[in-house]
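**Q** Just need the structure, nothing else, for what follows:
(2 chains, ligands or ions: 3)
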Amino acid sequence: MLLEIRDLKVNYNVDGHPVEVVRGLDLDIKKGECIGLVGESGCGKTTVGLSITRLIPEQKGGIASGRILLEDRDILSLDSEGLRKIRGKRISYVFQEPFSSLNPVFTIYEQLKEALPKEVDARQSIPEALNNVGLGNIVGKEKLYPHELSGGMQQRVMIAMAIISRPDLLILDEPTTALDVTVQSQILELIMGLKNRMDLAILFISHDLRIIFKFADRVNVMYAGRIVEVGPKEKIFSHRAHPYTRGLVDSIPSFEHRKKRFNAIEGRTPLFSDLPKGCKFHPRCRFKVDRCVDREPDLQELSSGHFSRCIRAKELMSNGAIKST
Amino acid sequence: MELLKVHNLKKTFPKTKVTAVDGVDFSIFKGEVLGLVGESGCGKSTLARSILRLTDVQEGSVFYKEEDLLKMPQGKMREIRKSLQVIFQDPYMSLDPRMRIGSIIEEVLLIHSDISKIERKNKVIELLEMVGLGGSYIQRLPRELSGGERQRIGIARSLATGPEFIICDEPISSLDISIQAQILNLLLDLKKKNNLTYLFISHDLGVIASICDRVIVMQSGRFVETGSCEEIFKASKHEYTRQLLKSTLICNYNSIIV
Ligand SMILES: Nc1ncnc2c1ncn2[C@@H]1O[C@H](COP(=O)(O)OP(=O)(O)OP(=O)(O)O)[C@@H](O)[C@H]1O
Ligand code: SF4
Ligand SMILES: [Mg+2]
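**A** Numbers count the residues shown, from 1 in each chain, chains lettered A, B, ... in the order given. Ligands and ions are numbered 1, 2, ... in the order given. Reported below is the predicted structural model:
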């Protein structure tokens, strides 16, 4: 296993009070594997990504407990020197808002150089990284600034910066949300090409199940700070063994769905400061029964590697048309 | 019935000499959802802004109820803007970071209506609930919301004047799929209930396919193809349309896992 997250708990300070937004989360990433992390806005996806690189600002809260093992070394126990050896070297992060992540006053070359370990030869690595992300046409243009590039090219530069030191794990936080469809599909193809060539593991964070289904090997569905269903994507798609996953799939817009109301998930995600008792999804769940409110269900294994945090998972699986309440 | 009739609309940006909208003709019929799709920079938003006179144009006319909006006096135009609304692509910029969410929405009601304070408060809650949030957000500040939550506030604000025609300019592209579905449901419900008409701008062909009656495909300021949803998605004639369809992740449910 490349990365193992165990029982991670993270707090944010909201109006001076700590609020738990990651509430005991487990996640595994194998070497060279693409893991999808999907869930609605605010469910804590970015917080998980930031925790892996220990980038959550202390004054805003922090990691309360848990373990994040990178090949058996606990990232949470590293000092700043240890972290420096990992961040951008073994684990790279491409942020949700790419355009604000490139510094406008430094050239592309300067920023790429900054991302490199000192002992590496920039004269060789920079052209290589640019070629790797399909930016061969700007190799040698050392005076180029970010604003001279289109949004898609800027995102390619961000990816070049992330892979230049050949990390084992790349965290992509909504890497294409701000881009056009055609550019988006080019960037996604690029990422998948890199993954195969460089044997990269990828944690792909997105609210868009379509992208996740297309590119991830395994899918983690996250709700209110915890994983509610996880498994190989084919199993997730064919079984949808958690009502939340079902709602997400039913929300996908398509030609077949034309002008019909979506079987959307009603309501909104709960506030972390005011989570419901029992199953956190029960106020929005079509399949809720009385016992759902008693206690929060554990993840139960349905078949090898496929887990759901729903007490009715087996019924859902055996009968797609299980009666909703 | 034609609600809006646009003729030979042309917009060139004087500084850069870029012609963003290059002489387009089309009509929007009452009660329909007209989709406008194309890549960023092709002129979709400029076209939308030109129709509502949020930007000056060089040539053309936009007829609404026998009158050319482009020649209408300012005062009358202001009145008409209540019925011709727009939901913008990016409301982040326009959210005052110091104002609480409740006041941000109430501000629109203050400008456009003369209802009492209590009615305003109820309306704010109603609007917040419409966009999938709720009354508990009234006291919160924009920075305390996640990206998706902030976008919903922008939509609530645009719905506040009770419009007849809405230009939806990428209104949901930064929302979660689940909330997109809710908002699409909401737009479909509102349309039915109030006989609304939409010009729906999106780069997401899946979304266009799910909500539109007719579709215009735009490239570099011009329309390359116009047709019913079926024609565009099942029998597109233009190469550019096919290229767009190819790069879209999915517009067909059946092709989700390949
Ligand atoms: N700096 C902060 N201070 C207080 N609360 C925060 C802070 N950042 C995020 N939150 C809250 O923590 C929760 C998780 O946020 P996070 O950004 O991890 O979610 P996300 O799943 O990445 O959402 P999105 O899809 O919108 O990016 C949300 O309820 C959010 O409002
Ligand atoms: S445990 Fe109950 S409320 Fe929760 S998802 Fe399953 S059926 Fe729904
Ligand atoms: Mg996020």
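**Q** What ranges does the stretch 51-200 of chain A have for its helices?
**A** Counting by DSSP state H, counting those that start in this stretch, the stretch 51-200 of chain A has these helices, from start to end: A:80-86, A:108-114, A:122-132, A:151-163, A:181-198.
**Q** deepest of the ones you listed, which one?
**A** Sort those by mean neighbour count, taking mean count of other C-beta atoms under 10 Å in any protein chain shown, and helix A:151-163 sits at the top with a mean of 23. Where you see a C-beta, it was placed from the backbone N, CA and C, and this is true even at glycine.
**Q** gap between it and the chain center?
**A** Using C-alpha atoms, centre = their mean, to the nearest Å, the distance from the centre of helix A:151-163 to the centre of the chain it belongs to is 18 Å.
**Q** Let's test this: mean pLDDT of it, rounded?
**A** Per-residue confidence for helix A:151-163 averages out to 89 on the pLDDT scale.
**Q** mind checking pLDDT for residue B:92?
**A** Residue B:92 carries a pLDDT score of 59 in this model.
**Q** Can you give me every residue that contacts residue A:310?
**A** Taking C-beta atoms under 8 Å, 6 or more residues apart in numbering or on different chains, we find residue A:310 in contact with A:228-229, A:241-243, A:279, A:281, A:287, A:297, A:316.
**Q** about what we covered before: would you list the helices of the stretch 51-200 of chain A in JSON lines and tack on distance to residue B:234?
**A** Conversion of the helices of the stretch 51-200 of chain A to JSON lines gives the following (distance: least, C-beta to C-beta, whole Å):
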{"stretch": "helix A:80-86", "distance to residue B:234": "51"}
{"stretch": "helix A:108-114", "distance to residue B:234": "43"}
{"stretch": "helix A:122-132", "distance to residue B:234": "38"}
{"stretch": "helix A:151-163", "distance to residue B:234": "29"}
{"stretch": "helix A:181-198", "distance to residue B:234": "19"}
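**Q** okay if I get the ones you listed as JSON lines plus distance to ligand 2?
**A** Shown next, in JSON lines, are the helices of the stretch 51-200 of chain A (distance: least, C-beta to the nearest ligand atom, whole Å):
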{"stretch": "helix A:80-86", "distance to ligand 2": "36"}
{"stretch": "helix A:108-114", "distance to ligand 2": "45"}
{"stretch": "helix A:122-132", "distance to ligand 2": "43"}
{"stretch": "helix A:151-163", "distance to ligand 2": "36"}
{"stretch": "helix A:181-198", "distance to ligand 2": "31"}
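**Q** what's the residue of the stretch 51-200 of chain B found nearest ligand 2 in contact with, if anything?
**A** Taking C-beta to the nearest ligand atom as the measure, the point where the stretch 51-200 of chain B comes nearest ligand 2 is residue B:178, at 14.5 Å. Residue B:178 sits next to A:40, A:207, A:247-248, A:251, A:264-265 when contact means C-beta under 8 Å, 6+ apart.
**Q** show me where pLDDT drops low in the chain?
**A** All of this is about chain A. In the prediction, chain A carries residues with pLDDT under 70 at positions A:59, A:96-100, A:178, A:319-325.
**Q** wrong one, I was asking about chain B
**A** For chain B, residues meeting the criterion pLDDT under 70 lie at B:89-94, B:146-148, B:249-258.
**Q** And the helices in it, which stretches?
**A** Remark: helices of chain B, listed N- to C-terminal, are B:44-51, B:74-80, B:101-112, B:117-130, B:147-159, B:177-194, B:205-211, B:229-234, B:239-247; assignment by DSSP state H.
**Q** Now look at the longest one and say if it contacts ligand 1.
**A** No - among the residues of helix B:177-194, none lie within reach of ligand 1 under C-beta under 6 Å from any ligand atom; the closest is 10.3 Å away.
**Q** Could I get the contacting residues of the residue nearest to residue B:172 when sequence neighbours are not counted?
**A** Nearest residue to residue B:172, sequence neighbours excluded (C-beta to C-beta, 6 or more residues apart in numbering or on different chains): residue B:180, at 4.4 Å. Residues counted as contacts of residue B:180 (C-beta under 8 Å, 6+ apart) are A:251, A:253, B:172, B:207.
**Q** quick one: which of those residues is nearest ligand 2?
**A** Of all these, ligand 2 sits closest to residue A:251, with 16.0 Å by C-beta to the nearest ligand atom.
**Q** The nearest residue to that closest one once chain neighbours are set aside: how many residues sit nearby?
**A** Nearest residue to residue A:251, sequence neighbours excluded (C-beta to C-beta, 6+ apart): residue B:181, at 3.5 Å. Residue B:181 is flanked by 26 other residues according to other C-beta atoms under 10 Å in any protein chain shown.
**Q** ok now do residue B:181, which residues does it touch?
**A** Contacts of residue B:181 by C-beta under 8 Å, 6+ apart are A:250-253, A:262, A:264-265.
**Q** which non-adjacent residue is nearest residue A:281?
**A** Spatially, and ignoring its direct neighbours in sequence, residue A:281 is nearest to residue A:244 (5.3 Å; C-beta to C-beta, 6+ apart).
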